[in-house]
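Chemist: pasting the structure only:
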C-alpha cells in the first residue's frame, strides 16, 4: 500500500501537474469544492474534476460531505485522506527530545516532549536519538510501514537538499539523512529547527493565510525564518535565516560560532544568562542570587523563565534590555523585507508582553515609519509544539514536492 502511494506521489512530482497543485491547495487551505479548486489552481472544471478523481483513486483525497451555500445546487466538498499515511517529527533541544506524529491532513496524533537526551556531536548520541525515535514509533497506533517519512530538526546550519548538518554529527562520512534512514528503516529528511517552527506557524498558527512573514526564534541563540510570497525562503544551500550571526556589536564577546560581536552575543538566552549572572556577581539582588553565589551553579533557561514569571525585578530589567536590542535589530529586517507580520517564537516568547512591548517600542523608534506601519508584531501561537509540528508538516510537504 505504501509503495503504491509513494509511486503515485513520485509520478506527480516528476513534473508540474494539476494533481500536485491541487494537493498543495489542500495542504495550505483545507477543504475545497471542485469549482473552488478549479478557480484556485486556474484550470477548467472538467480538468479539476479529473485530477481530483485520480487523487481519490490513489487514496489521497476523499469526499467529506456537501458544502452548504446560500443558493443553487449544493456541491460536494473534498479534502485529504487522514489515514493515507503518517509523518513523524523530531526536535532535539539542549537536554531533551520532542517527538510528534501527524496524519496526512497535518493533524497531530500524539506528542511526547522532554524525553531525556543529551544533544552532543558524538556517534553514541546519534545512536541514542535513533533508538528514542524507534521506541516512539513502536508506541504509535498504526504500523511502522504506514509512516511515509520522518523529519528531524537540527539547529543552525543545515543543507536540507543534501541532507547534511554542519554543526552536529560532523563525524559522519555519509549524509545525516542516509545514516538516520539506515538506523530507523524509514525515509528521513532534516530541516533547520527555526524553519520548521516558521512553517508550523504559517500552516497552523499565527501567520496562517499570510504571504510575507518573518519568524524570530528567540531561544539560547537567535535566528529567523522567512516566508516570501507564501513560500519558505531557503537561500542557495538552505542556510538562510542566520540573523543571530550578523556582526552588530564592538563588544569583543566571542559568539559560540567563533566570530566576535554577533547579534546573538547581546540578544539571546545565552546573553540573558550572561548579563544576569554578571549583575548578581557585581552585587545586584535577584531570586537567583543564591544559586549563583552560594550553590555556584549555572543558570538554566528554565531558571530564567521562572524568575521572569515571578516578576523578579533584576530579571525583568535584563530581559527588557535584551528586548530593546532585539527590536532595534528587527527594525533593520523589517526595513529590508517589509513583511506583513513578525512572529516572536521560541522559549523567550513565553515571557509574553515583557518581551513584546519593548520590541514594539524599539521597532517603532528605529525602523522607517512608512515600512513599519505595514508590519504587525505578534507572539507565536503554537508554543513549544511548533518545532515538532513543523517537522511533521515539512516532512509531508517535502514528500509531496512542494518545497
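Modeler: Cool, the structure landed. Keep in mind that this is a model prediction, so the values were computed, not measured. Numbers count the residues shown, from 1 in each chain.
Chemist: just checking, what's the longest helix in this structure?
Modeler: If each helix of the chain is counted by residues according to DSSP state H, the longest one is helix 313-337.
Chemist: Buried by neighbour count: which residues of that one qualify?
Modeler: 314-316, 318-335, 337 (16 or more other CB atoms under 10 Å). Yep, even glycine has a C-beta here, placed from its N, CA and C like the rest.
Chemist: Let me see the mean pLDDT of it.
Modeler: The average pLDDT within helix 313-337 is 96.
Chemist: For it, what is the distance to the chain centroid?
Modeler: Offset of helix 313-337 from its chain centre (CA atoms, centre = their mean, to the nearest Å): 21 Å.
Chemist: What is that helix packed up against?
Modeler: When contacts are defined as 3 or more CB pairs under 8 Å, 6 or more residues apart in numbering; DSSP states H and E, helix 313-337 sits against strand 213-218, strand 222-228, helix 269-281, helix 301-309, strand 341-345, helix 353-366, helix 369-372.
Chemist: Mean neighbour count, those: which tops it?
Modeler: strand 213-218 (a mean of 28; mean count of other CB atoms under 10 Å).
Chemist: I'd like to check the angle between it and strand 341-345, please.
Modeler: Here strand 213-218 runs at an angle of 20 degrees relative to strand 341-345 (axes from the mean of the first three to the mean of the last three CA atoms, to 10 degrees).
Chemist: So in that sheet, which strands flank strand 213-218, and in what orientation?
Modeler: In the sheet, strand 213-218 lines up against strand 222-228 (antiparallel), strand 341-345 (parallel) (DSSP bridges).
Chemist: Contacts for the shortest one, please.
Modeler: To tie it back to what came earlier, the one meant is strand 341-345. For strand 341-345, the external contacting residues (CB atoms under 8 Å, 6 or more residues apart in numbering) are 197-198, 201, 205-207, 210, 212-218, 330, 333-334, 355-356, 359, 363, 375-380, 382, 386.
Chemist: mind listing what the spatially most central residue of the chain touches?
Modeler: Note on the chain: the residue nearest the mean C-alpha position is residue 197, at 1.5 Å, using CA atoms, centre = their mean. Neighbour list for residue 197: 215, 217, 225, 345-346, 380, 382, 386-387, 390 [criterion: CB under 8 Å, 6+ apart].
Chemist: make it 6 Å
Modeler: 217, 345, 386-387, 390 (CB atoms under 6 Å, 6 or more residues apart in numbering).
Chemist: in which helix or strand would I find the residue nearest to it when sequence neighbours are not counted?
Modeler: Nearest non-adjacent residue to residue 197, counting by CB to CB, 6 or more residues apart in numbering: residue 386, 4.1 Å away. Using DSSP states H and E, residue 386 falls within helix 386-399.
Chemist: show me where pLDDT drops low in the protein?
Modeler: 1, 15, 68-72 (pLDDT under 70).
Chemist: so where do the strands sit in the stretch 151-300 of the chain?
Modeler: In the stretch 151-300 of the chain, the strands defined using DSSP state E, counting those that start in this stretch lie at 158-159, 164-165, 188-192, 213-218, 222-228, 231-232.
Chemist: where's the fifth one relative to the chain centroid, distance-wise?
Modeler: Here strand 222-228 shows a centroid-to-chain-centroid distance of 10 Å under the convention CA atoms, centre = their mean.
Chemist: Could you shift the numbering so residue one becomes 18, and keep it that way?
Modeler: I'll keep to 18 as the first residue from here, and by that count the last item is strand 239-245.
Chemist: Tell me where the stretch 18-167 of the chain has strands.
Modeler: Counting by DSSP E, counting those that start in this stretch, the strands of the stretch 18-167 of the chain are 49-50, 78-83, 93-97, 103-109, 113-119, 125-133, 164-171.
Chemist: Tabulate the ones you listed in a markdown table, adding columns for mean neighbour count and distance to residue 299.
Modeler: Below are the strands of the stretch 18-167 of the chain laid out as a markdown table (neighbours: other CB atoms under 10 Å; distance: least, CB to CB, whole Å):
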| stretch | mean neighbour count | distance to residue 299 |
| --- | --- | --- |
| strand 49-50 | 21 | 61 |
| strand 78-83 | 14 | 63 |
| strand 93-97 | 18 | 58 |
| strand 103-109 | 27 | 35 |
| strand 113-119 | 22 | 33 |
| strand 125-133 | 14 | 34 |
| strand 164-171 | 24 | 37 |
